[in-house]
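*Asks:* Give me coordinates for this.
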Amino acid sequence: MSNDELATPLASQRAIFVGFYGNEKYKLHRGRLLTHFSQQTSLEVNRDLGHTGFGRGNASRYVERMKDTRLSLQVAGLSTECYRMYEALDAGCVPILVDELGGMTTALEQYRFILRDAPFPHAAKAAELKDRLTTLRDAPAAVDSLQRETGRWWRGMLGALRESVASSSRALK
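*Replies:* This next block holds a predicted model:
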């Protein structure tokens with residue numbers, strides 16, 4: 001086990017199963033999307049809309065909330081991509097991607113450059129994830145395993161991205 005894995009609390013030891021933390025000021029549709037997800041999956045989403053997130057509210061509270069969340073629901077913002085995905089991965093959360101919650105683009109379109117072989121839950125519609133998410137909720141070892149797999153994938157993806165940037169930089173010289 002790496003130092004990164006040791007520093008990240010196991011998913012099964014985190015208090016919040018599914019969470020979403022972010023702004024709602026210019027994204028009033030988010031509350032409706034979170035409610036839709038909850039209705040379709042029968043899972044409560046712990047939310048803190050309009051009070052936390054990048055540049056908003058108490059940053060340490062936001063980080064602590066992420067570190068106490070097992071699965072981080074990704075909901076569309078104003079752009080085709082959201083930094084929250086990367087914050088969730090760095091905090092050891094497992095992202096959940098649902099195309100119908102992605103606004104004008106699908107999750108695959110939003111994150112096309114990183115989603116190769118991503119191990120975390122992704123579906124076109126929230127209802128399609130109900131059984132898998134219920135299993136993860138009810139099986140601590142399964143959610144811990146998915147968290148470790150996601151963490152290994154993320155560290156590999158970061159390494160590949162760094163190498164790509166370094167290669168591009170060398171090519172420009």
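
*Asks:* Show me the beta-bridge partners of the residue nearest the centre of the chain.
*Replies:* What sits nearest the mean C-alpha location of the chain, by Cα atoms, centre = their mean, is residue 95, with 2.7 Å. Residue 95 has these beta-bridge partners by DSSP bridges: residue 72.

*Asks:* Quick check: buried residues in stretch 146-163?
*Replies:* 146-148, 150-151, 153-154, 157 (16 or more other Cβ atoms under 10 Å). (Each C-beta comes from the backbone N, C-alpha and C, glycine too.)

*Asks:* where along the protein do the strands fall?
*Replies:* Assignment of strands within the chain using DSSP state E yields the ranges 16-22, 46-49, 69-74, 94-98, 122-123.

*Asks:* Could you dump the ones you listed into a markdown table and include mean pLDDT?
*Replies:* Shown next, in a markdown table, are the strands of the chain (pLDDT from 0 to 100):
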| stretch | mean pLDDT |
| --- | --- |
| strand 16-22 | 91 |
| strand 46-49 | 77 |
| strand 69-74 | 94 |
| strand 94-98 | 92 |
| strand 122-123 | 90 |
